[in-house]
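In: build me a structure from this.
(one chain, ligands or ions: 2)
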Amino acid sequence: MSFEFFIPPKIVVGNNALEAAATVWKQMGQKALIVTDPMMVQLGNIAKLEDVLDKAGLSYCVYSDITGEPTDKMINHGMQIYREEHCDFFIALGGGSALDTMKAIGVLATSGGQISDYMGKEISVPTPPMTAIPTTAGTGSEATQFTVINDTKRKIKMLLKGQVLLPDLAVVDPQFTLSAPKSITASTGMDAFTHAVEAYTSTKATKLSDTFALSAIQRIVKNLPLAYADGSNQEAREEMAIAALEAGISFNNASVTIVHGMSRPIGALFHVPHGISNAMLAEKCFAYVLDGAYDRFSALARAIGAASLEDSDQKASKAFLEVIKNLCQTCEIPSLEEYGINRELFFQSLDKMAEDAMDSKSPSNTRKPLTKGDLILIYRSLWD
Ligand SMILES: NC(=O)c1ccc[n+]([C@@H]2O[C@H](COP(=O)([O-])OP(=O)(O)OC[C@H]3O[C@@H](n4cnc5c(N)ncnc54)[C@H](O)[C@@H]3O)[C@@H](O)[C@H]2O)c1
Ligand SMILES: [Fe+2]
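Out: Ligands and ions are numbered 1, 2, ... in the order given. Here you go, the predicted structure:
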């Protein structure tokens, strides 16, 4: 059987990658809409980007109102600026929120309507050219055909998809990640880890997505604790930036599964940052589905040296769960209770969360078949 494999057509990786990107931008258009958040302006990252654009003789306008994970309102506001300023291409610099906002504005720019119109549909009209410059390591959005946007009316995090959402250019400069505080390093690193584990254990995994997923997991297990302990560790930051990209490539082609499916409703209803809600769920979710894929989980354990060839697949798989637990402890991932979530409200929302998770179709990529009832059980177990 053959399969297609999708990666961004151009990827620039390494220090000073911005300069290398300038030649590509000259072919993309006349005026860029820079999509970013206020922290990137404050850190001077936008000034660096403006400097490169000025030298290349390109015009730009900055939309920096991404004040949290993206909502339909932020998309509409960005769209208005894109139109009023007569922009013709996009550069997003920031975490997954800035990158996803760019993609969603890109959809409206060529397809029109409201962003919620595209839920459950394959987005197919090409967007204006898009460049993604991640500052977290991270969502991997620079290498994916997805954008995740909050529908503020329906209180759901919409997963929107289409090959046209794959950025034309990904600029991965680990220098941008050096300023990330501990909590962001932890949440985004755990997000990348979850992407890779889910891609490797997905029903849609292929030999090529496995290669990227395995490499990402090996890098993350070794380097996330180092980057968390010392944010100025350049080597660990570089390894994490590459790992996040690899993880993005792997799940772009193999999809995510149970954890992401169950994580989005927690984000939508309780405003837990994406990577944190993934990490809160990871051990319990994977423990629940372990018996559907002992061969896959055991291969992961062996690849990172947590189990040996002599161990049974079952024993090795359990050893992998221990790795997840330790990683969460090292990164000081809080429980729902420690995060301050109201238990009663959470239990009242179980049905909606499980329903929304199933609707997203991500849980159905898990090797163990799952029902809404299974998800409710797992949500409950987060309070045990
Ligand atoms: N499109 C995809 O494929 C995909 C995949 C996974 C997650 N996501 C989405 O991405 C969003 C989360 O993105 P995120 O986890 O990167 O966080 P984020 O973009 O929401 O950023 C979180 C905070 O970190 C700050 N920050 C980012 N980089 C920094 C740096 N280098 N130094 C200092 N501060 C920094 C930001 O200013 C912000 O305050 C969620 O909405 C999630 O659903 C998308
Ligand atoms: Fe994610």
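In: which of the three states applies to the closest residue to Gly106 other than its chain neighbours?
Out: Counting by CB to CB, 6 or more residues apart in numbering, Gly106 lies nearest to Thr127, which is 3.2 Å off, once chain neighbours are set aside. Just so you know, the C-beta spots here come from the backbone N, C-alpha and C atoms, and that holds for glycine as well. Of the three states, Thr127 takes coil under DSSP: H, G, I helix; E, B strand; the rest coil.
In: now Ser298
Out: helix.
In: give the contact list for it.
Out: By CB atoms under 8 Å, 6 or more residues apart in numbering, Ser298 lies in contact with Ala307, Asp311, Ser312, Asp313, Gln314, Lys315, Ala316, Ser317, Phe320.
In: show me which of those residues are buried.
Out: Neighbour-count burial (16 or more other CB atoms under 10 Å) applied to the contacts of Ser298 gives Ala307, Asp311, Asp313, Ala316, Ser317, Phe320.
In: any chance of these in a markdown table with secondary structure, distance to Gln163 and pLDDT as columns?
Out: Output for those, formatted as a markdown table (DSSP: H, G, I helix; E, B strand; the rest coil; distance: CB to CB, whole Å; pLDDT from 0 to 100):
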| residue | secondary structure | distance to Gln163 | pLDDT |
| --- | --- | --- | --- |
| Ala307 | coil | 37 | 98 |
| Asp311 | coil | 40 | 98 |
| Asp313 | helix | 35 | 98 |
| Ala316 | helix | 36 | 98 |
| Ser317 | helix | 34 | 98 |
| Phe320 | helix | 32 | 98 |
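In: and which of the residues you listed is nearest ligand 1?
Out: Within those, distances to ligand 1 taken as CB to the nearest ligand atom reach their minimum at Phe320, with 21.6 Å.
In: residues contacting that closest one?
Out: Phe320 makes contact with Phe286, Phe297, Ser298, Leu300, Ala301, Ala306, Ala307, according to CB under 8 Å, 6+ apart.
In: excluding chain neighbours, give the residue nearest to Phe320 in space.
Out: Excluding its sequence neighbours, the residue lying closest to Phe320 (CB to CB, 6+ apart) is Ala301, at 4.0 Å.
In: quick one: distance of stretch 334-354 to the chain centre.
Out: For stretch 334-354, the separation from the chain centroid amounts to 22 Å (computed by CA atoms, centre = their mean, to the nearest Å).
In: and the end-to-end length of that stretch?
Out: Using CA to CA, to the nearest Å, one end of stretch 334-354 lies 22 Å from the other.
In: pLDDT (mean, whole number) over it?
Out: Averaging pLDDT along stretch 334-354 gives 97.
In: rewinding a little: in a markdown table: the contacts of Ser298, plus distance to Ala354.
Out: Below are the contacts of Ser298 laid out as a markdown table (distance: CB to CB, whole Å):
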| residue | distance to Ala354 |
| --- | --- |
| Ala307 | 32 |
| Asp311 | 34 |
| Ser312 | 32 |
| Asp313 | 29 |
| Gln314 | 28 |
| Lys315 | 31 |
| Ala316 | 30 |
| Ser317 | 25 |
| Phe320 | 25 |
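In: farthest-separated two in these?
Out: Spanning the widest gap among the contacts of Ser298 are Ser312 and Phe320, at 12.9 Å by CB to CB.
In: where in the stretch 151-300 of the chain is pLDDT low?
Out: Nowhere does the stretch 151-300 of the chain drop to pLDDT under 70.
In: can you list the residues of it near ligand 1?
Out: Proximity of the stretch 151-300 of the chain to ligand 1 (CB under 6 Å from any ligand atom) is limited to residues Phe176, Thr177, Ser179, Ala180, Ile184, Ser187, Thr188, Asp191, His274, Gly275.
In: let's see it at 5 Å
Out: Listed as neighbours of ligand 1 in the stretch 151-300 of the chain under the rule CB under 5 Å from any ligand atom: Ser179, Ala180, Ile184, Thr188, His274.
In: that older thread, out of the contacts of Phe320, who's nearest ligand 1?
Out: Minimum distance to ligand 1 across the contacts of Phe320 is 17.7 Å, recorded for Phe286 (CB to the nearest ligand atom).
In: sorry, back to before: just give me how far the strand or helix carrying the residue nearest to Phe320 sits from the chain centre.
Out: Secondary structure from DSSP states H and E places Ala301 in helix 294-303. Helix 294-303 sits 23 Å away from the centroid of its parent chain (CA atoms, centre = their mean).
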